[in-house]
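> Any chance you could fold what I've pasted below:
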Amino acid sequence: MSRIKKLIALILSLIIFIIPAAACSDDDDEIQLQADYGSYGADVARELASLYPYRRAYTEQEAAAGEYIRGKFEELGYDVSRQEFDSLYGGSSANYIVHISGKGFFSIDEFGNPVEVRRTIVIGAHYDDAFSEGQVDSSYGYDGISDNASGIGVLLTIAAQIKNYEDLSFDVILVAFGAGNDNYAGANAFVSSLTDEVASSIDCMYCIDSIYGGDKVYASAGYNSLNMTQKYPMRRKLYQAYDVVYDSLLYSQYGFSLYYNECGIITDLNGDGFDDIYREVSANKSDYVPFDNMNIPIVYFDSADYFFDNMEDMKDSKNLNLQEFGGMIRSTPIDSSLILDPFMVTEDSDQLQIRINCIAYIILESMMKGSDYAMTYNEYMSLQEG
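Model prediction:
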């Protein structure tokens with residue numbers, strides 16, 4: 001064999017050796033999964049739904065469900081405030097509230113001096129559901145797993161994971177709202193109790209409701225963003241949530257997508273006599289409404305299907321097996337683990353766990369993007385060092 005041929009053979013043998021070795025090295029590297037929170041949130045949602053399936057507002061099961069949630073917060077090491085409120089028509093319910101202090105923010109005063117600023121995020125989900133015992137045929141196995149045990153699963157997942165965010169600057173208030181199905185009574189009671197100082201410090205309210213039963217998961221802004229003079233400020237937090245999704249690997253890792261409502265129907269959404277574009281907002285109302293009315297930015301997560309040409313056609317699911325109530329899941333007897341799980345859980349994929357973990361991750365990472373009104377502690381320290 002000539003010297004050149006021997007050299008070529010040597011180079012080829014080295015290439016054949018190096019490529020598999022490199023491939024093995026890549027395979028052996030541990031890949032850090034985002035939203036790798038395990039089954040905690042889904043387990044909580046399923047246990048809540050199983051123990052207290054008929055937790056309509058002001059019932060004994062709703063009260064027991066609230067105490068269950070208090071216990072879960074306390075297991076995670078939190079002090080929990082119970083805020084009781086009464087119905088106009090008799091009965092009482094309660095909100096369960098956790099306060100978490102962040103590092104704080106800084107701004108510069110007129111003399112160039114640093115001033116500490118407190119900014120707040122509220123994250124909430126109601127724990128009641130639509131029916132009390134005896135209102136639904138037991139054959140459905142109704143348990144309110146989507147509306148809104150699933151939202152409580154997200155709330156408690158955030159409570160469990162937020163401890164890993166040591167550089168979070170926001171003060172965070174987690175609220176499990178009572179009586180959400182009674183015209184957002186718990187959220188109204190909570191908002192009414194806020195001092196002017198705390199209310200004015202809220203950068204955003206994240207609301208999670210019925211994220212399991214619908215075909216797709218959406219994030220929406222509040223109706224206050226329909227005012228064109230403040231559209232961007234009221235939707236900035238929504239866009240940050242989508243930035244987290246775009247920057248992450250949630251789809252490749254979990255098959256999770258977060259959808260915009262982009263159907264663009266022209267209609268009067270807020271009843272002010274002027275037509276609006278049905279885009280980046282939701283016709284589904286929830287505990288965000290009292291905050292929306294206070295002109296606080298909203299990010300609302302729910303599951304549905306908004307891809308229709310008429311508002312009247314909107315529904316949660318196009319699944320042909322889930323059309324008994326016109327494709328609606330929330331507030332119907334088929335909001336049931338017995339009915340939904342066969343379509344949402346496979347040997348390799350649990351959509352309840354995936355949706356809970358991914359939404360919790362999106363909210364946590366969104367908060368790390370900071371405030372529009374002040375510098376984070378780390379930003380301020382970098383400025384000082386510069």
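
> contacts, neighbours, all on C-alpha from now
Will do.

> Which stretches in the stretch 251-386 of the chain count as helices?
Using DSSP state H, counting those that start in this stretch, the helices of the stretch 251-386 of the chain run over 289-293, 337-344, 351-367, 377-385.

> and these as CSV, adding mean pLDDT, distance to Glu197 and mean neighbour count?
Formatted as CSV, these follow (pLDDT from 0 to 100; distance: least, CA to CA, whole Å; neighbours: other CA atoms under 10 Å):
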stretch, mean pLDDT, distance to Glu197, mean neighbour count
helix 289-293, 98, 15, 19
helix 337-344, 97, 42, 16
helix 351-367, 98, 20, 23
helix 377-385, 77, 21, 13
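
> what's the closest of those helices to Asp272?
Asp272 sits nearest to helix 289-293 of all the helices of the stretch 251-386 of the chain, at 13.5 Å, using CA to CA.

> which residues make contact with that closest one from outside it?
Tyr184, Ala187, Asn188, Val191, Met205, Gly222, Tyr223, Asn224, Pro297, Ile298 (CA atoms under 8 Å, 6 or more residues apart in numbering).

> just to revisit the earlier point, can you tell which of the helices of the stretch 251-386 of the chain is closest to Asp313?
Of all the helices of the stretch 251-386 of the chain, helix 337-344 comes closest under CA to CA, at 21.3 Å.

> what's in contact with the closest one?
Arg46, Tyr140, Gly141, Tyr142, Asp143, Gly144, Ile145, Gly213, Ile334, Asp350, Gln351, Leu352.

> give me every residue that touches the second one.
Contacts for Tyr140 were tallied using CA under 8 Å, 6+ apart; they are Pro333, Ile334, Ser336, Leu338, Ile339.

> for the closest residue to the first one other than its chain neighbours, what are its contacts?
For Pro333, ignoring the flanking residues on the chain, the nearest one in space by CA to CA, 6 or more residues apart in numbering is Tyr142 at 5.6 Å. If you count contacts by CA under 8 Å, 6+ apart, Tyr142 has them with Pro53, Tyr54, Val136, Pro333, Ile334, Asp335, Ser336, Ser337, Leu338.

> Same list, those residues, but as JSON lines with distance to Gly264 please.
Supplementary listing: the contacts of Tyr142 in JSON lines, determined by distance: CA to CA, whole Å:
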{"residue": "Pro53", "distance to Gly264": "37"}
{"residue": "Tyr54", "distance to Gly264": "37"}
{"residue": "Val136", "distance to Gly264": "36"}
{"residue": "Pro333", "distance to Gly264": "31"}
{"residue": "Ile334", "distance to Gly264": "29"}
{"residue": "Asp335", "distance to Gly264": "28"}
{"residue": "Ser336", "distance to Gly264": "32"}
{"residue": "Ser337", "distance to Gly264": "33"}
{"residue": "Leu338", "distance to Gly264": "35"}
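
> buried sites along stretch 161-175?
Residues of stretch 161-175 classed as buried by neighbour count (16 or more other CA atoms under 10 Å): Ile162, Leu168, Ser169, Phe170, Asp171, Val172, Ile173, Leu174, Val175.

> ok, the third one touching Lys103?
Yes - with contacts counted by CA atoms under 8 Å, Ser169 reaches Lys103, the gap being 4.4 Å.

> Asp143: what's it in contact with?
Ala49, Ser50, Tyr52, Pro53, Tyr54, Asp335, Ser336, Ser337.

> Contact partners for the first one?
Put plainly, it is Ala49. Asp143, Gly144, Ile145, Ala149.

> ok, now how distant is the closest residue to the first one other than its chain neighbours from Tyr140?
I take that to be Asp143. Distances taken as CA to CA, 6+ apart place Pro53 nearest to Asp143, at 3.9 Å, with adjacent residues excluded. Pro53 sits 11 Å away from Tyr140, going by CA to CA, to the nearest Å.

> ok, back up a step: check which helix or strand covers the residue nearest to Asp143.
Using DSSP states H and E, Pro53 falls within no helix or strand.

> mind listing the strands for the stretch 51-200 of the chain?
Assigned by DSSP state E, counting those that start in this stretch, the strands in the stretch 51-200 of the chain fall at 81-86, 92-100, 105-108, 114-117, 120-126, 171-177.

> Among those, which comes closest to Phe325?
Phe325 sits nearest to strand 120-126 of all the strands of the stretch 51-200 of the chain, at 22.8 Å, using CA to CA.

> angle of the closest one against helix 351-367?
Interaxial angle, strand 120-126 versus helix 351-367 (axes from the mean of the first three to the mean of the last three CA atoms, to 10 degrees): 160 degrees.

> which residues touch the residue nearest to Asp143?
Applying CA under 8 Å, 6+ apart, the residues contacting Pro53 are Gln61, Tyr142, Asp143, Gly144.

> Can you work out which residues contact both of Ser169 and Lys103?
Joint contacts of Ser169 and Lys103 (CA under 8 Å, 6+ apart) are Tyr377.

> helix/strand/coil for Val217?
Recorded secondary structure, Val217: strand (DSSP: H, G, I helix; E, B strand; the rest coil).

> Export the strands of the stretch 51-200 of the chain as a markdown table, with columns for mean pLDDT and distance to Ile266.
Formatted as a markdown table, those follow (pLDDT from 0 to 100; distance: least, CA to CA, whole Å):
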| stretch | mean pLDDT | distance to Ile266 |
| --- | --- | --- |
| strand 81-86 | 98 | 38 |
| strand 92-100 | 98 | 37 |
| strand 105-108 | 90 | 40 |
| strand 114-117 | 90 | 41 |
| strand 120-126 | 98 | 30 |
| strand 171-177 | 98 | 33 |
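
> Of those strands, flag the one that's most buried.
Highest mean neighbour count among those (mean count of other CA atoms under 10 Å): strand 120-126, with a mean of 25.
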